[in-house]
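1. show me how the following folds:
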Amino acid sequence: MYKVVYLEGDSPVFFSTSTHAIFLKEKFYMVTTHATNRRSEQGFTLVELAIVMVIIGLLIGGILKGQELINNAKISATVTQLKSMDAALNTFQDKYAALPGDMLRATNRLPNCATAPCNISGDGNSQYANQAGSAPTNSQEGTVAFAHLSAADLLSGISVSSGNNPSPPSFGGLLPAVKVGGGMWLGSSTTGGAAAGISTLTPNRTYLALNGTNVAVTNSTGALTPVDAAQIDRKIDDGMPSGGSVQSICLVGITNGEYDEGATSGTCAMYVRVLN
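-> Residues are numbered from 1 along each chain as shown. As a prediction, this is how the structure comes out:
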């Protein structure tokens, strides 16, 4: 293949693109040429684009997997926290023959318990006067219980200073914060199994209420997704939202008596029975 160009005098020059030679008036001249690099004008090849897409996919997959691992770690930490709280309550009851928060003459029996809220005594009837899941206050037995546990050196991570406890009490203040989100407080289910947000919390025992905010428990105040609630339930109880030692209420996330783990909204609250 040749290209024809004209130099001075209109002498035709034939340029061979394959041999890089010039034929001029029947004479043969070898010249050095430089191929035009058009690669920069061609963009990415399909192979290169495929490699980039694979790398992006791996990065996204790694991020999602990392988030899953972090959430699973929070679930495991929450389960450990709940079991530790149950153990602390049992240890307190064994040592003092009383429930923390319900104890009579707490100031005389517990060290470093001379100021509020620790110095608030209960009625000594071996159950919490406040209904499970009812809005927490600084003086109710199910809230003061944590101050008593702290004074007995059975609980850390809360603030029991009277000057550092707003009303209502806050998570991380007088109320323990939960690793997966929100916080918890104690209460008892009343006759007939009634509790805040649920009408059949049975048997009538002591429960920890896990809620997203420090208000009365409803089906829209929780911090747990249905997946979170199901995982916690399976690790502690039977994995079913109704009945057993773990019971959940969700605005969205329970279908035909089972957790709907395809739902993603975080509106599940939970009751966990302790002192069995």
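
2. just the CA coordinates for stretch 100-111, please, in PDB.
-> The C-alpha coordinates for stretch 100-111 follow below in PDB (Å, rounded to 0.1, in the frame of the first residue of the first chain):
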ATOM      1  CA  PRO A 100     -30.800  -4.800  93.200                       C
ATOM      2  CA  GLY A 101     -33.200  -1.800  93.100                       C
ATOM      3  CA  ASP A 102     -35.700  -3.700  95.200                       C
ATOM      4  CA  MET A 103     -33.400  -3.900  98.200                       C
ATOM      5  CA  LEU A 104     -34.400  -2.400 101.600                       C
ATOM      6  CA  ARG A 105     -31.900  -0.100 103.400                       C
ATOM      7  CA  ALA A 106     -29.500   0.000 100.400                       C
ATOM      8  CA  THR A 107     -27.400   2.700 102.000                       C
ATOM      9  CA  ASN A 108     -26.600   0.500 105.000                       C
ATOM     10  CA  ARG A 109     -25.900  -2.600 103.000                       C
ATOM     11  CA  LEU A 110     -23.900  -1.400 100.000                       C
ATOM     12  CA  PRO A 111     -20.600   0.400  99.900                       C
END
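
3. start the count at 241 instead of 1 going forward.
-> Done: numbering now begins at 241, and the last item shifts to stretch 340-351.

4. what's it in contact with?
-> 329, 332, 336, 338, 353-354, 358-369, 380-389, 391-392, 426 (CB atoms under 8 Å, 6 or more residues apart in numbering). Using the backbone N, CA and C atoms, a C-beta is placed for each residue, glycine as well.

5. repeat that with 7 Å
-> Identification of contacts with stretch 340-351 by CB atoms under 7 Å, 6 or more residues apart in numbering yields 329, 332, 336, 353-354, 358-359, 361-368, 381-382, 384-385, 388-389, 391-392, 426.

6. quick check: mean pLDDT across it?
-> Mean pLDDT, computed over stretch 340-351, is 96.

7. stretch 456-475 now?
-> Mean pLDDT, stretch 456-475: 95.

8. distance from the chain centre to that stretch, please.
-> Here stretch 456-475 is found 11 Å from its chain centre; the criterion is CA atoms, centre = their mean, to the nearest Å.
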